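K.L.:
Need a 3D model of the sequence below.
(one chain, ligands or ions: 1)
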Amino acid sequence: MTAADAASRRARRLALEEVSSTNSIAMEAVRAGDPGQLWVTALRQTQGRGRRGRSWVSERGNLYASLLLVDAAPLASLGQLPLVIALGLARALSALRGIEPDAVRIKWPNDILLDGRKCVGILIESERLADGRQAVVIGAGINVAAAPDGQPYGVTTLSDHGFTGNLEDVFRAIAGEVETVLALWKGGRGFSEIRAGWLEHARGLGQAIRVNLPDRSIDGIFHALDPEGRLVLKRDDGALETHSAGDVFLLGEDMAGIICDKAR
Ligand code: BTN
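P.N.:
Below is the predicted model:
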């Protein structure tokens, strides 16, 4: 048994067939008194949520998994969590049988891509509970066998990249690696090691990108990752801007599909 297997078997888990959203179930559990360190998994979601209010298509064949943490870190460090979890997921996918590790990349802050196409989306939600505890739910949608149509970016699956295992193999890998990176992170004190690991998997560093913000899009060079894991963008005039949220597209590669769609 590998260390990742052992870790995943230690975690508590609620394995369900069909739910509205595994993030919602995990949040309901903590509101009802759950102490945390609980995985909620499902085979299908009827109201899967993505980032920025988007829905997450959640048919059978893929893995929907949420991890509930309680008082995981000081509030000031919680903004690092997307990068921590992305590193765990990237390492988990790289270790799956059939997957070529070099194909696995992280698109800032926490999309996992295989050969440039999105395979995993992560949604982190947090809530201060009435009793003062801080709950964080980390939800991951992993395209194991099905790639939903009609997305504004390229999508792919583990199966398309040579993975022949099942959903349980994927769950064991992600639960184990997420436990490992959380231990490395130490509630924020170990973020420099996480940041270094993240950079080893980074996609687009030094390249021209577009950052879609809620109210506008801005172009520039992905110049650096700051010590807190924020994206530093270099604008045409040389000015450096730091962003803590946004959707990133590689100009050229990622935009090709979008430009073609608009031209139709
Ligand atoms: C994204 O937009 O990229 C994030 C997608 C996150 C989807 C996962 S599936 C499991 C968990 N439950 C949800 O409703 N959303 C997350």
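
K.L.:
Number of residues surrounding the closest residue to Arg133 other than its chain neighbours?
P.N.:
Excluding the flanking residues, the one nearest Arg133 by CB to CB, 6 or more residues apart in numbering is Val70, at 5.3 Å. Every C-beta, even on glycine, is put in place using the N, C-alpha and C of the backbone. Neighbours of Val70 under the rule other CB atoms under 10 Å: 15.

K.L.:
got the contact list for Val70?
P.N.:
Contact analysis of Val70 by CB atoms under 8 Å, 6 or more residues apart in numbering lists 30, 34-37, 133-136.

K.L.:
can you do 7 Å?
P.N.:
30, 35-36, 133, 135 (CB atoms under 7 Å, 6 or more residues apart in numbering).

K.L.:
can you narrow these to ones near the ligand?
P.N.:
Filtering the contacts of Val70 for proximity to the ligand by CB under 6 Å from any ligand atom leaves nothing.

K.L.:
Quick check: the farthest pair among those residues?
P.N.:
Greatest spatial distance among these (CB to CB): Pro35 and Ala135, at 10.5 Å.

K.L.:
Which element, helix or strand, includes Ile122?
P.N.:
strand 117-128 (DSSP states H and E).

K.L.:
May I see the buried residues of that strand?
P.N.:
Going by neighbour count (16 or more other CB atoms under 10 Å), the buried part of strand 117-128 is 117-125.

K.L.:
Let me have those in JSON lines, adding distance to the ligand and pLDDT as columns.
P.N.:
Formatted as JSON lines, the buried residues of strand 117-128 follow (distance: CB to the nearest ligand atom, whole Å; pLDDT from 0 to 100):
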{"residue": "Arg117", "distance to the ligand": "13", "pLDDT": "96"}
{"residue": "Lys118", "distance to the ligand": "7", "pLDDT": "97"}
{"residue": "Cys119", "distance to the ligand": "11", "pLDDT": "98"}
{"residue": "Val120", "distance to the ligand": "8", "pLDDT": "98"}
{"residue": "Gly121", "distance to the ligand": "2", "pLDDT": "97"}
{"residue": "Ile122", "distance to the ligand": "6", "pLDDT": "98"}
{"residue": "Leu123", "distance to the ligand": "4", "pLDDT": "98"}
{"residue": "Ile124", "distance to the ligand": "9", "pLDDT": "97"}
{"residue": "Glu125", "distance to the ligand": "9", "pLDDT": "98"}
